[in-house]
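Trainee: quick one: sequence plus predicted model below, questions after.
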Amino acid sequence: MKFWPRRRPKSVPAPTLALYTRPLISSRGRRAILWLLGLVALVYGVMVAILPPAFYMMMLSPLALMFVLVVWILPETDNPPDRFMSRMFFLYFISAILWPYYLAIQIPGFPLIEIRRAFSGLATLALLISLSVSPRFRGRLSEVFWDKPIFAKMFLAFLLVQFLSLGFPKSYSSAISTFVKDQISWTAVFFMSLYIFSKNGNIIKWVKTLCILAVIVSIIGFAEYKNQGILWANHIPSFLKVSDPAMVNLLTPVFRSGEYRITTTFSVSLVLAEFLSLTMPFFLHYIGFGKRMWLRILCAVADLVIFVAIILTQARLGLVGAMAAHLVFALIWAFKSRQQDRQGLLSAAIVFGSPAIVFCVGLAVMFVPALHVRLLGGGTHVASTQGRFEQIQAGIPILAQRPLFGYGPMQGGVALNYTNAAGEVSIDSGVLALLLNYGVVGFFLYYGMMIFLIIYGMKAGFAARDWESSLALAATNCLIVWLTTRLVLAQEDNYSLIFMVMALLLVLIYRGAAPVGKAESSGR
């Protein structure tokens, strides 16, 4: 009888040597993956050949999701790149103010390489890696962010509204590109600021850097006014020149009534004036509450220098913002002084006479010709004022068509389709732009966050236990100035700065609510 060897059951794997392992994917599976990659490459090649460059951003979205997934599955460690993130954050902060965004490295076939975006991209990458690999990093960030659940929920809801507004934009490529930029310069900047400011000393470092940058920009403005043109307009290296006509126009000198309007490193004079007015509350805080007399005098001189620079911009919103900063500071100083000495006559006069002071300032603005023209406009300002009223009237029915989530990031101006005297599509009011971009839901969430931070920031500032915590008063004043200037300005250049201020306030509110020992340990 013929002997047949007993076959091995199929369910039992064949034995392997101890130092070898069975491959996870069979040869057939590997071939299928290669065919799939080849098909994807073919489809992408056809799309690149057929579609215009405006759709390239949409084609990169799957690769971006794969990159985020790779970062998220990194192994955990106790040494996240948080120091690198902090360095890149401060470099981004400095470059966003001192480096004009229209000076970028342009390589044929590649997108513009902006200095500020390079730093923000590296900082964002370090943030994502730190969130992925470090439980300690996630714990500290979560503890500060969720200390006030109401604000945290409003912030996340506003982020969701930004995403939902992408549903039916006027231009998908423009909306998605703007959405990605906003998540880097708004959301990512907010969370990395939250972590960096949670360490003791970084808030003071940031405030000092901001004040120094404001003085430097003002000095550049004085030199530019004397030159009657942007200083580097005729000295830009070839590798930094951008061929985009819109950016080239930014280098053209701008005059109003024969007077040159300074812009320095910003896109337009209005944005520069807004930035300078936003820095004033921090100078005023040092003037009113600083301990060293020489520093208080130096800040007073700097405040005057910045005010003169605002005048050279010929932007009414800068003067309105400066007036708001000084009026709010006077009230803060009066309440703070009365908190320390209830017998003080000057502080009592300001506190109890504040309604009369505001009334007198209003009368002066209405009936003093110089103040009326500079703050409310007149003569050459009539056209811009009338244009804002026309935009509001035209924007209401457009908003009614998509009231909940708006038209998408930076799509409000396209939907409004209002052209100025130069034939350019323009939207001037930040309030109207916010409504058209993100709808009524986004509008109330955004301003809800601002009002929340202003109320709790004032409480934290008046109850401050140290100098760093007292800066909550200046940051709150800064947000009030921001809300004032947003009435007549829609450009988003200073949004990143405001998200830093929001994170600064949230950290100081957290410290004010936490016990002394816990607040000190969180900053180590």
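Mentor: Arrived safely, thanks for sending. Numbers count the residues shown, from 1 in each chain.
Trainee: any weak-confidence spans in the stretch 251-400 of the chain?
Mentor: When residues are selected by pLDDT under 70, those of the stretch 251-400 of the chain lie in 339-388.
Trainee: all helices of it, in order?
Mentor: Ranges of helices within the stretch 251-400 of the chain are 269-289, 293-313, 316-340, 345-352, 354-367, 369-376, 382-401, based on DSSP state H, counting those that start in this stretch.
Trainee: residues in contact with the closest residue in space to Tyr286 that isn't next to it in sequence?
Mentor: Once flanking residues are discounted, Tyr286 sits nearest to Cys299: 4.2 Å by CB to CB, 6 or more residues apart in numbering. All C-beta spots, glycine's among them, are computed from the backbone N, C-alpha and C. Applying CB atoms under 8 Å, 6 or more residues apart in numbering to Cys299 gives the contacts 211, 283-284, 286-287, 290.
Trainee: repeat the analysis, applying 7 Å as the threshold.
Mentor: 283, 286-287, 290 (CB atoms under 7 Å, 6 or more residues apart in numbering).
Trainee: likewise for Phe283?
Mentor: 211, 299, 302-303.
Trainee: relative to Ser193, how far out is Gly139?
Mentor: 17 Å (CB to CB, to the nearest Å).
Trainee: quick one: which of the two has more around it?
Mentor: Between Gly139 and Ser193, counted using other CB atoms under 10 Å, the more crowded position is Ser193 (24 against 10).
Trainee: the more buried one and Val501 touch, don't they?
Mentor: No. The pair Ser193 and Val501 fails to qualify as a contact (CB atoms under 7 Å) at a distance of 8.7 Å.
Trainee: overlap in contacts, the two.
Mentor: Residues touching both Ser193 and Val501 by CB under 7 Å, 6+ apart: none at all.
Trainee: dump the contacts of Phe283 to JSON lines, plus distance to Pro169.
Mentor: Shown next, in JSON lines, are the contacts of Phe283 (distance: CB to CB, whole Å):
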{"residue": "Cys211", "distance to Pro169": "39"}
{"residue": "Cys299", "distance to Pro169": "45"}
{"residue": "Ala302", "distance to Pro169": "43"}
{"residue": "Asp303", "distance to Pro169": "42"}
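Trainee: from these, list the buried ones, please.
Mentor: Among the contacts of Phe283, those buried by neighbour count (16 or more other CB atoms under 10 Å) are 211, 299, 302-303.
Trainee: and these, which two are furthest apart?
Mentor: Spatially, the most separated pair among the buried ones among the contacts of Phe283 is Cys211 and Asp303, at 9.8 Å (CB to CB).
Trainee: run a quick neighbour tally on Leu125.
Mentor: Neighbours of Leu125 (other CB under 10 Å): 17.
Trainee: do you know how far the residue nearest to Tyr286 is from Ala214?
Mentor: From Cys299 across to Ala214, the span is 11 Å (CB to CB).
Trainee: cool, and Ala330?
Mentor: The spacing between Ala330 and Ala214, counted by CB to CB, is 21 Å.
Trainee: so between these two, which is more surrounded?
Mentor: Ala214 (24 against 17).
Trainee: helix or strand: which one has that one?
Mentor: helix 202-227 (DSSP states H and E).
Trainee: avg pLDDT for that helix?
Mentor: Computed over helix 202-227, the mean pLDDT rounds to 94.
Trainee: same question for stretch 41-58.
Mentor: If you average the pLDDT over stretch 41-58, you get 66.
Trainee: next up, the contacts around Thr476.
Mentor: Here Thr476 is in contact with 454, 457-458, 461, 505 (CB under 7 Å, 6+ apart).
Trainee: what do you get for Ser86?
Mentor: Ile196.
Trainee: let me see the ranges of the helices in the stretch 1-150 of the chain.
Mentor: Listed in chain order, the helices of the stretch 1-150 of the chain (DSSP H, counting those that start in this stretch) span 27-50, 56-59, 61-72, 82-98, 115-133, 135-145, 149-164.
Trainee: look at Val189 and say how many residues are nearby.
Mentor: 28.
Trainee: may I have the secondary structure class of Gly167?
Mentor: Three-state assignment for Gly167 (DSSP: H, G, I helix; E, B strand; the rest coil): coil.
Trainee: max-length helix in this protein?
Mentor: helix 430-462 (DSSP state H).
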